[in-house]
Structures are given as C-alpha cells and as structure tokens.
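**Student:** Fold the following and give me the result.
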Amino acid sequence: MDIARDLFAFIARLAIGIVLIAHGLQKFLGLGMPMISDAFGRLGIPLPAIAAWFTVLVEIVGGALLILGLLLPIVGVLIALLMAGAAWFVHLPYGLFSPNGYELVLVIGVAALALGFNGGRWSIDHGLLSRFARREPSPAGDRR
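**Tutor:** Got it, this is the predicted structure:
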C-alpha cells in the first residue's frame, strides 16, 4: 500500500507541477513580464510588477520544486497563497465554474498545500530527512 500511496503522491506532484510550470512559462515567454505587470495593475493587484515576478517565479520554480519534492512545505504554502490571491483578485466575481471561475485555482492551491505536507516518499525532501533521521548520536566517549 505504501508504494501506491507514494506513486500517486508523485503523480499528483507531477501533474500540479506541470500545470504550474506551463502557466508560468506562458506568462514569462509568451506574454512577457511587461504585459503581465500591466494586466496585474489593471486588475488592481498591489505592486503589480513585483506581484507579476512573484507569480512567475512561484509557478515555474515552485512547480519544478514540487515535481522534485524539494522544500515541499514552503512550496506548498507559497503556491496556496498565490492561488488564493488569484482567486481573490481575478476569479471570485465569476463564481466557481470555468472558464473564469475559481475552481482551477482552488484545486491547484489545495492540492499543492496537501502535497506540501504529504508529498510521499518519492521526494528529495524524504530522502534528505530520512538520511538525517537514521543518524544516531554516537556514545559520549566514542571518538571515531
């Protein structure tokens, strides 16, 4: 059962990470940062240039870290905060359903938050943490 849980956690991290990276690259390479910053300003997002860079970095770097399973709690919280901001400033007036509703940002934010705190054993975080947890302190007089 552990293998299935870890496999599906990895698949979920992969899927959410790919969606985030795709959206970030679309903003950065496709539309360009000046256009994103202008759009954020028109939407009433505070500090639109900073918010645009924060958004793109969280989507691209956060998506990659989510896939790798590195710094998962921090990444999960950042993505959840980003999606909450997207819901608040953009999607809430349109209701739950797409094309402009908040359903996608809700699912991405909650999934990233859940995966941030339970990303499975197939992650760099798990490998690093389990390596530290296995180290037992040496006896006081043992100097190797």
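
**Student:** Give me the below-cutoff pLDDT ranges for this structure.
**Tutor:** Across the chain, the stretches falling below the confidence threshold (pLDDT under 70) are 133-144.

**Student:** Closest to the centroid, which residue in it?
**Tutor:** By CA atoms, centre = their mean, the mean C-alpha position of the chain lies nearest to Ile79, the distance being 4.0 Å.

**Student:** Is the closest residue to that residue other than its chain neighbours in a helix, a strand, or coil?
**Tutor:** Taking CB to CB, 6 or more residues apart in numbering as the measure, Ile79 lies nearest to Ala112, with 3.7 Å between them; neighbours along the chain are not counted. From N, CA and C alone the C-beta is placed, and that goes for glycine too. The three-state label given to Ala112 by DSSP: H, G, I helix; E, B strand; the rest coil is helix.

**Student:** so how far is Leu20 from Ala112?
**Tutor:** Taking CB to CB, to the nearest Å as the measure, Ala112 falls 8 Å from Leu20.

**Student:** Quick check: the residue nearest to the centre of the chain touching Ile60?
**Tutor:** No. Distance between Ile79 and Ile60: 11.6 Å, which falls outside the contact criterion (CB atoms under 8 Å).

**Student:** shared neighbours of those two, which are they?
**Tutor:** Applying CB atoms under 8 Å, 6 or more residues apart in numbering, one finds that Ile79 and Ile60 are jointly contacted by Leu20.
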